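I need the structure of the sequence given here:
(one chain, ligands or ions: 2)
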Amino acid sequence: NRYLHRTSHRSAGGLHWEKQIRSSAQIRRKNGFSVLVTGAGGFVGTHVSLALNKRGDGVVGIDNFNDYYDPSLKKSRRNILRSKNVFIVEGDINDQRILAKLFEIVKFTHVMHLAAQAGVRYAMENPNSYVHSNIAGLVTLLEQCKSANPQPAIVWASSSSVYGLNDKVPFSEADRTDQPASLYAATKKAGEEITHTYNHIYGLSITGLRFFTVYGPWGRPDMAYFSFTRNILQGKPITVFRGKNGMDLARDFTYIDDIVKGCVASLDTASKSTGLGGKKKGPAPYRIYNLGNTSPVTVPVLVGILEKNLKIKAKKNVVDMPGNGDVPFTHANISLAQRELGYKPTMDLPTGLKKFVKWYLSYYGYNDGKGNSVNS
Ligand SMILES: NC(=O)c1ccc[n+]([C@@H]2O[C@H](COP(=O)([O-])OP(=O)(O)OC[C@H]3O[C@@H](n4cnc5c(N)ncnc54)[C@H](O)[C@@H]3O)[C@@H](O)[C@H]2O)c1
Ligand SMILES: O=C(O)[C@H]1O[C@H](OP(=O)(O)OP(=O)(O)OC[C@H]2O[C@@H](n3ccc(=O)[nH]c3=O)[C@H](O)[C@@H]2O)[C@H](O)[C@@H](O)[C@@H]1O
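Ligands and ions are numbered 1, 2, ... in the order given. As a prediction, the model looks like this:
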């Protein structure tokens, strides 16, 4: 099945990881939190898992380590987590047997659901991978959570892409989200509606977070800031999309550490509403928040910052935006998250990209393609 991607996960047959989870530190939670992080081998999942582990929460991950992008990067992230005694089960969130076993071993108080088929433009190439992970996988996970005792509070990643063709700026949670511009966006919007029904019928505590173009160390190779860096260092051209009437495209790029703070605050406030261990104090909340940076930057400016950090001029091909699901700009209104989560992003793009480039050079040890090493 092509849409399933190549995954390295072994069959759930022996559920060989059971002993490892039982004997590991993850379930010895210091403050009462046991969190299942789906997509823990991913960019955001790794950072969130590290943050939760650092403050003493119990963390167990699940990831299928698929090859949408280089799985060795996911494995390197896993090694970091492993060194902190955080274990990631290799498996698919569609595998009901694995989920049931995990919930049998650990009484999860929270699920941080980050596993998904990400990427906007790839949806035209491989649409079914979005249905598989973002819709079918989500429902399998919710079915498990619904019947778990105690029921965990769920915080999951929606996306700024749900605003689609909305042109009212900045984007507020109350704005319309019924005009998605990509199948990716449509599956995230579907996720918002699917989670609503699980809140409505089964009383699950649900928080959906609309992340705005997240970047930073250990990031995703398919994203522009990452692939531009790679190409610039290798002396290869980059393609810069341009909007209608020659307008530059812009994104509300948000640094990973700010996103992590928003995720952790969501987990903390979700449990306040449901009580530890899922004991409900009132009706289970259904919440949606924008997590953005509130200062959009154009793609050419992004390229300029990378050039400055890498000390190399990019070879740019500027082309009209193909009809591939991209939206011209994103811009978050974050007052709701500010008010209810205490969310306050602090990282500006030049400083955040400097940190990314520093990580990139240390991880890949790249030179400029002419044999000279590059220092940021
Ligand atoms: N990075 C961003 O800019 C951004 C913006 C908006 C929303 N999001 C959302 O945030 C979440 C995390 O994104 P990310 O950037 O860390 O992406 P990522 O691709 O690095 O992480 C997702 C992880 O989920 C795993 N996965 C995918 N399908 C799975 C399945 N069926 N079963 C088990 N594991 C599976 C992948 O192997 C991957 O490691 C995703 O839901 C994404 O859609 C990301
Ligand atoms: O905020 C979100 O919800 C989305 O953010 C990103 O999507 P995107 O903003 O498209 O991020 P990039 O792929 O890094 O693109 C950033 C900008 O660079 C442009 N771009 C991308 C690639 C390229 O080769 N050239 C180029 O000009 C894109 O059109 C876009 O304007 C993530 O990839 C999605 O998973 C996520 O859901």
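
neighbours of Ile256, how many?
Residues near Ile256, counting by other C-beta atoms under 10 Å, number 23. (C-beta placed from N, C-alpha, C; glycine too.)

wait, it touches Arg220, no?
No: counting by C-beta atoms under 8 Å, Ile256 stays clear of Arg220, with 10.5 Å between them.

touching both of these two, which residues are there?
Residues touching both Ile256 and Arg220 (C-beta atoms under 8 Å, 6 or more residues apart in numbering): Phe43.

buried ones in stretch 247-257?
The neighbour-count check on stretch 247-257 (16 or more other C-beta atoms under 10 Å) flags Asp248, Leu249, Ala250, Arg251, Asp252, Phe253, Thr254, Tyr255, Ile256, Asp257 as buried.

for the fifth one, which residues are in contact?
For Asp252, the residues meeting the contact criterion (C-beta under 8 Å, 6+ apart) are Ser160, Phe212, Thr213, Gly292, Asn293, Thr294, Ser295, Pro296, Val297, Thr330, His331, Ala332.

among these, name the ones in strands.
If you go by DSSP state E, those have Val297 in strands.

enumerate the residues of the stretch 201-350 of the chain near ligand 1.
Within the stretch 201-350 of the chain, the residues that sit near ligand 1 (C-beta under 6 Å from any ligand atom) are Phe211, Thr213, Val214, Arg220.

which of the three states applies to the last one?
Going back to what we said before, that points to Arg220. Of the three states, Arg220 takes coil under DSSP: H, G, I helix; E, B strand; the rest coil.

ok so, going back, which of the contacts of Asp252 are buried, as a PyMOL select command?
Filtering the contacts of Asp252 down to the buried ones (16+ other C-beta under 10 Å) takes a single PyMOL command:
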select buried, resi 160+212+213+292+293+294+296+297+330+331+332
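
return the member of the contacts of Asp252 nearest to ligand 1.
Closest approach to ligand 1 among the contacts of Asp252 (C-beta to the nearest ligand atom): Thr213, at 4.8 Å.

pLDDT at that closest one, what is it?
For Thr213, the model assigns a pLDDT of 98.

hang on, isn't it packed against Thr254?
Yes: Thr213 lies in contact with Thr254 (C-beta under 8 Å); the separation is 6.4 Å.

list the contacts of the closest residue to ligand 1 within the stretch 251-376 of the chain.
Here the stretch 251-376 of the chain gets closest to ligand 1 at one residue, Thr254, 7.7 Å apart by C-beta to the nearest ligand atom. If a contact means C-beta under 8 Å, 6+ apart, then Thr254 has Phe211, Phe212, Thr213, Val214, Tyr215, Leu291, Gly292, Asn293, Ala332, Pro345 as its contacts.

make it 10 Å
Going by C-beta atoms under 10 Å, 6 or more residues apart in numbering, Thr254 touches 160, 211-216, 262, 290-295, 330, 332, 334, 345, 347, 349, 352.

check Val155 too.
35, 48, 110-114, 205-209, 262-271, 287, 289.

of these, grab the buried ones for ChimeraX.
A single ChimeraX command selects the buried members of the contacts of Val155 (16+ other C-beta under 10 Å):
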select :35,48,110,111,112,113,114,205,206,207,208,209,262,263,264,265,266,267,268,269,270,271,287,289
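
re the thing from before, from the buried residues of stretch 247-257, which are also near ligand 2?
Near ligand 2, by the rule C-beta under 6 Å from any ligand atom, you find Leu249, Arg251 out of the buried residues of stretch 247-257.

of the buried residues of stretch 247-257, which is the nearest to Val106?
Ile256 (26.1 Å; C-beta to C-beta).

might one say that that closest one is in contact with Phe356?
Yes: counting by C-beta atoms under 10 Å, Ile256 touches Phe356, with 8.9 Å between them.

do you have the helices of the stretch 251-376 of the chain handy? List them.
Under the criterion DSSP state H, counting those that start in this stretch, helices of the stretch 251-376 of the chain are mapped to 256-274, 299-310, 335-341, 349-364.

neighbours of the nearest residue to Pro71 once chain neighbours are set aside, how many?
Excluding the flanking residues, the one nearest Pro71 by C-beta to C-beta, 6 or more residues apart in numbering is Phe65, at 5.0 Å. Counted with other C-beta under 10 Å, residues neighbouring Phe65 total 20.
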